[in-house]
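> just the structure for this:
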Amino acid sequence: MISQKIPDEVTLVLHKVKKKLPGNYLLLLCLLLFLILGGILPNLISGHWSWVDQPRIGNIQKMRTLQESGINFSNLKTIDQQQGQIGEGAWSIQVVESPDGRKITVLLRPQLYYKNQPGVEWSDISSISRWNQGETTELSIPTQSGGKVTARFYQAWTQSTFAVVQWYAWLGGGHYDPSVWYWLDQWAQLKRQRVPWIAVSLLIPLDPTKELQTLTPFAPTIVTGK
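All right, here's what the predicted structure looks like:
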């Protein structure tokens, strides 16, 4: 059995640091040491390292159904839905119609394997679409659960012009930057949990003579159903 006692070398280093650091930094250091030991010692004692294999993700069947059948929108009518390959991933490709007659393409790629990480979805879509892309801005979208989604928002055009809204969705929120998901998932894994993700990309028709910002009020209604 491995001893839980802090090694003498570590104690000596902490003693030297204590002399040099102000009180606030010492408190922060102690908190960091507590978190490290709290995560390491149980693994040392049990002989099982939690990061050797990640916890599995839940709701796999729901994620597969989402990829196969798309999503039901309370305020949009589905015109067509099928699975398609974009880059190395399989996506749900769904065309929906808004009450005012706009046909919106909804691309969804859910996490189906517990080791899959987001990161290439936006570049895969851009590569296969071969569109010109305008400056990227952020769009804040409230969720029905009271959380917030931070999406990337930009204009794209080939023969047609679109407003593109993209983010990684998870329970209660979402963000377009995969690093935000990464740290949330790492924190969840400390509790043997996971944060499953779904890559979402909306293509909303945009009049080429209009500014991108004219769709700022409309885009969140697709997500919230309001």
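
> and the most centrally placed residue in the chain, which of the three is it?
With distances taken as Cα atoms, centre = their mean, residue 168 lies nearest the centre of the chain, 3.3 Å away. Look at residue 168: counting by DSSP: H, G, I helix; E, B strand; the rest coil, its state is strand.

> who's in contact with it?
118, 121, 174-176, 178, 180-181, 197-200 (Cβ atoms under 8 Å, 6 or more residues apart in numbering). C-beta: built from backbone N, CA, C; applies to glycine.

> identify, from the residues you listed, the entry nearest to residue 76.
Using Cβ to Cβ, residue 200 comes nearest to residue 76 of those, at 13.9 Å.

> okay, that closest one: pLDDT?
With respect to pLDDT, residue 200 has a value of 97.

> in this structure it contacts residue 166, no?
Yes - counting by Cβ atoms under 8 Å, residue 200 touches residue 166, with 6.7 Å between them.

> what's the distance between residue 116 and residue 181?
Distance from residue 116 to residue 181, counting by Cβ to Cβ, to the nearest Å: 11 Å.

> over to residue 173?
10 Å.

> so which of residue 116 and residue 181 has more stuff around it?
Using other Cβ atoms under 10 Å, the more surrounded residue of residue 116 and residue 181 is residue 181, with 24 against 14.

> got phi/psi on that one?
Torsion angles at residue 181 (phi, psi; degrees, to the nearest 10) stand at phi -60, psi -40.

> just residue 214 next, same as before
Per degrees, to the nearest 10, the backbone of residue 214 is at phi -70, psi -20.

> which residues in this protein form strands?
77-86, 89-97, 103-110, 132-133, 137-142, 148-157, 161-170, 173-175, 198-205 (DSSP state E).

> now those strands in JSON lines, with distance to residue 221?
Shown next, in JSON lines, are the strands of the chain (distance: least, Cβ to Cβ, whole Å):
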{"stretch": "strand 77-86", "distance to residue 221": "14"}
{"stretch": "strand 89-97", "distance to residue 221": "12"}
{"stretch": "strand 103-110", "distance to residue 221": "11"}
{"stretch": "strand 132-133", "distance to residue 221": "24"}
{"stretch": "strand 137-142", "distance to residue 221": "9"}
{"stretch": "strand 148-157", "distance to residue 221": "13"}
{"stretch": "strand 161-170", "distance to residue 221": "11"}
{"stretch": "strand 173-175", "distance to residue 221": "16"}
{"stretch": "strand 198-205", "distance to residue 221": "11"}
